[in-house]
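# Sequence plus the predicted model coming up.
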Amino acid sequence: MGSLIRMIVGVPGAVVVTAGLFLFMAGMISNDLRLEEETDAINLNITAQIDDTDINAANKEFKRPTLDAPPPPPPAVNDPSNRPALDGVRAEIPTIEANLNVGSGFNPDRDAQPLVRIEPQYPERCMSRAGDVETVVISFDVTPEGQVTNVTVVDSSNSCLNRAAQKAAERWKYQPKIVDNQAQWRRGVVTQFTFRLGEG
């Protein structure tokens, strides 16, 4: 019911407002409004004017900077008593009596030199009955090819560690012994392994 009342009141009101606006605009169009005559347009030049410069006049005004005069040379000393003595200290060269054989400084002979040394692993089966520090002393030979062979145990504080020491030494690599430029056997190399608990 309320919407019907709004429709009855609203439609005539809308018609009245639309008609009024239409008549107002028609009246404005019908009025003869004369615009003022356009005045002459103002000519604005916004480009910068570049003046030609006279190169000759610019060169006339340029002044070269003046350089400082070099310092005068130091005064010459003509007094002969001011010169240092050039005699120096005179001494005789001592004579040394010694029979020295310097040689060429090159000796191709050398003993066997280790290239690769692998430390042994601490066997787990030996840890239960081993001390904190155990040692194994081994002896071996080095072939002319640098291989380790004939590994034997010389002394051991724990025989359980002997095999680990031997296996480690067998994997070592040496530069062979050189005598008269020839590779030779190096026999009786002795070394000691130290086993410490906690380092295996």
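Right, received. Where do you want to start?

# ok, what's across the strand from residue 147?
residue 173 (DSSP bridges).

# and residue 169, which of the three is it?
Secondary structure, DSSP: H, G, I helix; E, B strand; the rest coil: residue 169 is helix.

# which residues sit in contact with it?
When contacts are counted by C-beta atoms under 8 Å, 6 or more residues apart in numbering, residue 169 touches 138, 140, 148, 151, 191. The C-beta positions use only the backbone N, C-alpha and C, and glycine is treated the same way.

# Which parts of the protein are strands?
113-116, 133-142, 148-156, 173-175, 177-179, 182-184, 186-196 (DSSP state E).

# can you tell me which of those strands comes nearest to residue 65?
Between residue 65 and the strands of the chain, the tightest spacing by C-beta to C-beta is seen for strand 113-116, at 73.3 Å.

# And the pLDDT for the closest residue to residue 127 other than its chain neighbours?
Spatial nearest neighbour of residue 127, chain neighbours left out: residue 197 (6.5 Å); criterion: C-beta to C-beta, 6 or more residues apart in numbering. As predicted, residue 197 sits at a pLDDT of 80.

# Residue 197 and residue 132, how far apart?
5 Å (C-beta to C-beta, to the nearest Å).

# Which of these two has more residues huddled nearby?
residue 197 (13 against 8; other C-beta atoms under 10 Å).

# Let me see the contact set for residue 110.
Contacts of residue 110 by C-beta under 8 Å, 6+ apart are 175, 177, 178.

# on that earlier part again, was I right about the residue nearest to residue 127 contacting residue 126?
No. At 9.7 Å, residue 197 does not count as touching residue 126 under the criterion of C-beta atoms under 8 Å.

# In the protein, which helix is the longest?
helix 2-30 (DSSP state H).
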